[in-house]
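In: sequence? don't have it. structure:
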């Protein structure tokens, strides 16, 4: 579905064309008229894109036109990015940079040559878009003035009904009993007599089937005076339409053609003083105002009335629920096999085909516990007794080619996504299905995090874990298959033979550098290069040289585990490399030093580095000039003794992680000037003294105080395995961070003796975790003044755990008021803790707490692996902070 992103891409390009910095550069070059013509042409084309998207399925020429348009928009974005970089270069030059530094930015080009090149590129783009605009007139496309979802009219889900043959539903007994127990309870709200129970899960997981089981259970029939079933599906949750549907289900009569006021009167009369059960199946609306308008018509029933809602979106559940949601997971393999055999064979016939059943067992393992997939495959194989057919399905994962049998149910969720989320989701087609990362920073990173959060809420991602500065999640195999099925020609994964020679490929996921080198000889527009399928060293000099000479638009490159001793100078000196946004040099154990002119990478936003240097390049055009940097990870730099000069210039830095740097003695006092810093994580630095400064608190890092005029955005402070640390640094408690810090994590600091009394200054602190700090023996008396504190976790701190023993411990009175407490892995929360975690805030269940506990014990090495996006193997739980 290449056309799915054309409208969004056009928006992006038009937005970039209008940037003030770009306009200034264009004025200097005298090509404003060309720019205006280009903007007008793209705007004209954009007006007919939505109509083209609706017609493309029945017209191959329109589909091809959309594909050409999308490719041209990508090329336009690349040209604009180059011009934006030139604008940024000029801004840096005007800020007082030295002549040497400015010259180094364009060592292979001159301003005049660059101006000529960009003018030529803009002219070519205008001609391409003029031709595309001329071609669209052949198709009689209609202009649209609003954004509508394409093809939704042709992809409506079939209406559901309440009848169910119980013998056809397998493996949901536990979930059924959970819901039944809630249905049998009286209302849990003194002000309302109706409770709402959501059933959540991805498409094909059996939400509707479970609702039918409950709806038709004898205990439900006996308890409720009225039972109503309404399939909401793709309705826009209009009160009048839904009121009619509910009334029809309640009266078993045809819908009356009446105004809403009379409809609501009839509905109230039907429900008045009657205990009812209403199932709202397949709900997509998460607009609370719309829900409340309908809900006020449903509150007239007797106490104990219930509404069961099935949905794929967690946001729907959060808007509607009053009782805990029932989230459906995959069926067990045994249940899946029972369902498969039932669909693939006539009753009892399977025992005559033992070889087929054995093949079926292997096929079912590929379905990930999704009943829809199991049922579809079983029905497809029904009546087929040729073992070759079954083996072919097992080996070829034929459900990908049988899209009309499985993926449409999942694809309904995809089609409902906004175009920007479709782009984000399709990008997942080239990454691993496990442990996909999401940055938790501002700007583009923050937008990406919003997208990931929204996809999680719509059940595209599962097993979400919040690591404070990263979010990890997993993608179900079938969801990953969906991503690959809708991915267009700009996403390449291994075995995509049809795309191997395509000039349109932008994002590449390969087995190794050799495959990329082959691709790079044919394709020069690659933006992303991932190696999620290999554990070996990533690259050598030939790989990097090819990338810098052939691939002109790279934004993301992972060179981890590479064996070169020096980073090729072409990475920072070649002009086409300047738009690079992510550079990963993790565990490059042979790398002697970074280039002294790292500052040329002024668009860099994410940098992870391992090097043998004692000091990172900071002077003049070094790392202190990476003004766009948001995330900096320094890992396994064995010889590093101090941070680089100029770190205070990184005004956009959001996350700083320093891990396994045994020679690091101190942080630069300039760190206190990183006013945008949100997350500071330091692990495994044996010689580091956070209390340094020679006792001069005004000049040392602990001089980071409100009197200095500094501001702070620090939210997370995580430290581990710092043998010299015996107390928290002064600047953390008394500086501006006192009003911003939310999360404090201290682990394996064996000399850490006490939390200061002034801890009460941290008025925003929500969560404290202390682990493996044996000399810490007491909590400060002011703990009760931490009014924002919600969670306290204490593990492997013998004396402290003893003093925090419920009821009898000497410090118990300081923490008894907290909503959630965990001592040595045991949840000892009181009656106030009936919480569950939602979007990174603690609201609990013990199983989730235990999962969270295991997560906290992961060393920073794993977190770095996640940050890199290198989900090459399923992460195993190692010993605490063991390298």
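Out: Yep, it's here. For clarity, every value in this text was computed on a predicted model and none was experimentally measured.
In: Helix, strand, or coil at residue 751?
Out: coil (DSSP: H, G, I helix; E, B strand; the rest coil).
In: Repeat that for residue 307.
Out: strand.
In: For it, give me its contacts.
Out: 194-197, 277-280, 298, 320 (C-beta atoms under 8 Å, 6 or more residues apart in numbering). Backbone N, C-alpha and C define where each C-beta goes, glycine included.
In: Among those, which pair sits farthest apart?
Out: 277 and 320 (15.2 Å; C-beta to C-beta).
In: if we can go back for a sec, so of the contacts of residue 307, which ones are in helices?
Out: Judged by DSSP state H, the subset of the contacts of residue 307 located in helices is residue 320.
In: Can you tell me which of the contacts of residue 307 lies closest to residue 57?
Out: residue 280 (30.9 Å).
In: and the closest one, bridged to which residues?
Out: Counting by DSSP bridges, residue 280 forms beta bridges with residue 230, residue 309.
In: Does it touch residue 306 like I think?
Out: No. Counting by C-beta atoms under 8 Å, residue 280 does not reach residue 306; the two are 11.2 Å apart.
In: what number of residues lie near residue 753?
Out: Counted with other C-beta atoms under 10 Å, the neighbours of residue 753 add up to 13.
In: Relative to residue 345, how far out is it?
Out: Separation of residue 753 from residue 345 (C-beta to C-beta, to the nearest Å) stands at 69 Å.
In: Check the offset of the helix or strand where residue 342 lies from the chain's centre.
Out: Taking DSSP states H and E as the definition, one finds residue 342 inside helix 333-344. Centroid separation for helix 333-344 versus its chain: 33 Å, with C-alpha atoms, centre = their mean, to the nearest Å.
In: so can I have CSV of the contacts of residue 307 showing distance to residue 610?
Out: Formatted as CSV, these follow (distance: C-beta to C-beta, whole Å):
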residue, distance to residue 610
194, 59
195, 55
196, 52
197, 51
277, 60
278, 59
279, 56
280, 54
298, 60
320, 49
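In: Go through the contacts of residue 307 and say which is closest to residue 349.
Out: Checking the contacts of residue 307 against residue 349 with C-beta to C-beta, the nearest one is residue 279 at 34.9 Å.
In: The longest helix seen in the chain - contacts with which helices or strands?
Out: Using DSSP H to define each element, the chain has its longest helix at helix 60-94. Judged by 3 or more C-beta pairs under 8 Å, 6 or more residues apart in numbering; DSSP states H and E, helix 60-94 is in contact with helix 6-17, helix 20-29, helix 32-55, helix 99-105, helix 111-136.
In: Least reliable of these by average pLDDT, please.
Out: Lowest mean pLDDT within the helices and strands packed on helix 60-94: helix 99-105, a mean of 41.
In: Please report how far the residue positioned nearest the centre of the chain lies from residue 487.
Out: With distances taken as C-alpha atoms, centre = their mean, residue 452 lies nearest the centre of the chain, 3.0 Å away. Between residue 452 and residue 487 the computed distance is 18 Å (C-beta to C-beta).
In: give me phi/psi at residue 792?
Out: phi -130, psi 120 (degrees, to the nearest 10).
In: And for the one 4 residues further on?
Out: Backbone torsions of residue 796, given as degrees, to the nearest 10, read phi 60, psi 40.
In: and it, what is it in contact with?
Out: By C-beta under 8 Å, 6+ apart, the contact set of residue 796 is 771-774, 824.
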